[in-house]
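Chemist: Below: sequence and its predicted model.
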Amino acid sequence: MQLQNKKLDWEQFLQIREEVLKAWPTGQEVDLTEAIAYQKQIPVHKRFGQKLEEAKKEGITLAQPRAGVALVHEHIELLRFLVEEGGADLLPTTIDSYTRQNRYNEAQAGIEESRTAGRSMLNGFPAVNHGLAACREVTEAVPVPVQVRHGTPDARLLTEISLAGGFTAYEGGGISYNIPYAKEVPLERSIRDWQYVDRLVGYYEEQGVSINREPFGPLTGTLVPPCISHAVAIIEALLAAEQGVKSLTLGYGQCGNLVQDVAAVRSLEELADEYLSRFGYQHVVVTTVFHQWMGGFPQDESKAFGVISWGAATAALAKATKVIVKTPHEAMGIPTKEANAAGIRATKQVLNMLKDQPLLENQEITVEKELIKAETRAILERLLEFGEGDIALGTVRGFQAGIIDIPFAPSRFNAGRLLPARDHNGAVRLLDFGNLPFGEDIKEIHREKIAQRGKSEGRDPSFQMVIDDIYAIGKGMLVGKPR
Ligand SMILES: CCC[C@H]1O[C@@H](n2cnc3c(N)ncnc32)[C@H](O)[C@@H]1O
């Protein structure tokens, strides 16, 4: 049946579900009626969406790290440490890479190796292999809400076990966990598989259990222009809302220029409200998440704290509901629990110093916000045309035509023709627009700003600028100016 953005028929869903639960033995542990009852007894202070909604009302920004290790008790110890020593307001459970690729046999081997080695031999928590009881042990053992964070194109079984396991929030989407994460997964397939995920969340909502859903905002985390990540966020918001999702956190990865980043967070929330109400989705609570710099980090830990603090400051000034925290080990790899907690403490120090300051607003931010909205609308409206009004169909066709295009994505279903580069203030602009449906007026703004940088650096705008910008922050700068 042709792909369409339409709520999955429950009987059809249950048929698919029989196959989904067979993919690993722990799937047989999931009983939806029992799972709903279990979720209903989770106290309100442990419900992710509830805590986000309260933060939005208070106008404060919550801090959440990433974290996940192979074994259950070590994972619990890690999460407890991040609350007690780091001050985390919200917790993750980052899932390992084998599980993300449905390679449960190798995840199982990783668990055995971790037991033998006495340390985590996986880069995350293998929730499917551990199963329901272990997930409930984790979510019950910590005092704050916990969210599953991963990068899985086919996350259907992981969702079943995560929700039955007491997690009250779940990251990802059919575009955002495919195009930046996989090479060979057809977009139509991942969109369909995430319609299953969101339909399951819709079922929990219908039964009175609210589960927060967060599309993965930063995408490749490498000079992704706000209009691109916003377009993906709005598409995944519309796809999720159609399946009955009511608690949505839309995200954006820090680019580094304050005006652009504050404008990006504000425009994201405004565009979400605009498109959700246009398509008739009522009572969807929208919050925002700002990801601290997702690109290359300095090795030097003091410099890394500078980058982390700049991300915290921007998130607070933008009044993002949540900020995802980096650590001083970012340039090295998976952080120790001490480094992870240190990143959260640095972040919280900045958030606390800024939380009584008003939202940063000025004419520059307003102009930038309107530019981002015009660019994002141009993409979304063309996708709707390509889909004859259907955003799911339009998205698949739009990626094929390069109407939407994610810079530096590995997927062969992505056109990969965009070339982003910073302007002389460090805002991310486009050197090559690929096949984006922008008018000359928008293109001229990008060209002029990049030309200004070329003039100030005494060089013609070129691919070299892109390369210099990719390495700039790791080298202690924002704009990759020639030495
Ligand atoms: C989009 C995800 C990339 C970021 O996600 C961090 N990350 C991945 N896996 C873990 C983990 N198991 N524990 C703590 N951080 C983790 C990386 O460092 C990077 O910043």
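Modeler: Arrived safely.
Chemist: Report how many residues lie close to the residue lying closest to Asp423 once chain neighbours are set aside.
Modeler: Once flanking residues are discounted, Asp423 sits nearest to Lys449: 3.7 Å by CB to CB, 6 or more residues apart in numbering. C-beta here means a position set from N, CA and C on the backbone, and glycine is covered the same way. Counted with other CB atoms under 10 Å, residues neighbouring Lys449 total 18.
Chemist: now do Glu269
Modeler: Glu269 has 18 neighbours, counted by other CB under 10 Å.
Chemist: Over to Thr327?
Modeler: If you count neighbours by other CB under 10 Å, Thr327 ends up with 30.
Chemist: Equivalent analysis for Thr366, please.
Modeler: When counting by other CB under 10 Å, one arrives at 13 neighbours for Thr366.
Chemist: Ok, Leu79 next?
Modeler: Leu79 has 28 nearby residues by other CB under 10 Å.
Chemist: okay, it: pLDDT?
Modeler: The model reports Leu79 with a pLDDT of 99.
Chemist: Would you quantify the distance from it to Val144?
Modeler: 9 Å (CB to CB, to the nearest Å).
Chemist: what do those two both touch?
Modeler: Residues touching both Leu79 and Val144 (CB atoms under 8 Å, 6 or more residues apart in numbering): Leu91.
Chemist: picking up where we left off before, show the contacting residues for the residue nearest to Asp423.
Modeler: By CB under 8 Å, 6+ apart, the residues touching Lys449 are Asp423, His424, Asn425, Ala427, Arg429.
Chemist: what comes up buried for the helix or strand harbouring Leu393?
Modeler: Assigned by DSSP states H and E, Leu393 falls within helix 391-401. Within helix 391-401, the residues that count as buried by 16 or more other CB atoms under 10 Å are Ile391, Ala392, Leu393, Gly394, Thr395, Val396, Arg397, Gly398, Phe399.
Chemist: Equivalent analysis for stretch 11-19, please.
Modeler: Here stretch 11-19 shows Phe13, Ile16, Arg17 as buried, counting by 16+ other CB under 10 Å.
Chemist: what does stretch 400-419 give?
Modeler: If you call a residue buried by 16+ other CB under 10 Å, then stretch 400-419 has these buried ones: 402-409, 411, 413-416, 418-419.
Chemist: How about stretch 474-483?
Modeler: Gly474, Met477, Leu478, Val479, Gly480, Lys481.
Chemist: what does stretch 353-364 give?
Modeler: Neighbour-count burial for stretch 353-364 flags Leu354, Leu360 (criterion: 16+ other CB under 10 Å).
Chemist: picking up where we left off before, and which of the contacts of Lys449 is nearest Arg136?
Modeler: Nearest to Arg136 among the contacts of Lys449 is Ala427, at 45.3 Å by CB to CB.
Chemist: what's the distance between the closest one and the ligand?
Modeler: 22 Å (CB to the nearest ligand atom, to the nearest Å).
Chemist: do Leu250 as well
Modeler: 16 Å.
Chemist: Then Gln15?
Modeler: Distance from Gln15 to the ligand, by CB to the nearest ligand atom: 33 Å.
Chemist: Checking my notes, that residue in a helix, right?
Modeler: Yes. Assessed with DSSP: H, G, I helix; E, B strand; the rest coil, Gln15 lies in a helix.
Chemist: how close does it sit to Leu8?
Modeler: Distance from Gln15 to Leu8, by CB to CB: 10 Å.
Chemist: Could I get the full set of helices for the stretch 1-150 of the chain?
Modeler: With helices called from DSSP state H, counting those that start in this stretch, the stretch 1-150 of the chain shows them at 10-20, 32-40, 48-58, 72-84, 97-100, 104-117, 127-141.
Chemist: Can you say which of those helices is nearest to Asn352?
Modeler: helix 48-58 (13.1 Å).
Chemist: So which residues make contact with the closest one?
Modeler: With CB under 8 Å, 6+ apart, helix 48-58 has contacts from 44-45, 61-62, 89-90, 144-147, 168-169, 210-212, 247, 249, 285, 287, 321-322.
Chemist: Which of these fall in strands?
Modeler: Using DSSP state E, the subset of these located in strands is Leu62, Val146, Gln147, Ala169, Asn212, Ser247, Thr249, Val285, Thr287, Lys322.
Chemist: possible to save the residues you listed as TSV with distance to Tyr177 and pLDDT?
Modeler: Listed next are the ones in strands among the contacts of helix 48-58 as TSV, based on distance: CB to CB, whole Å; pLDDT from 0 to 100:
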residue	distance to Tyr177	pLDDT
Leu62	23	98
Val146	19	98
Gln147	14	99
Ala169	15	99
Asn212	16	99
Ser247	18	98
Thr249	15	99
Val285	22	98
Thr287	19	98
Lys322	18	98
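Chemist: For those, give me TSV that also has neighbour count and distance to Tyr104.
Modeler: Shown next, in TSV, are the ones in strands among the contacts of helix 48-58 (neighbours: other CB atoms under 10 Å; distance: CB to CB, whole Å):
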residue	neighbour count	distance to Tyr104
Leu62	24	32
Val146	25	21
Gln147	24	21
Ala169	28	23
Asn212	27	26
Ser247	24	29
Thr249	26	28
Val285	15	34
Thr287	23	32
Lys322	27	30
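Chemist: For Glu440, grab the count of nearby residues.
Modeler: Counted by other CB under 10 Å, the residues lying close to Glu440 total 8.
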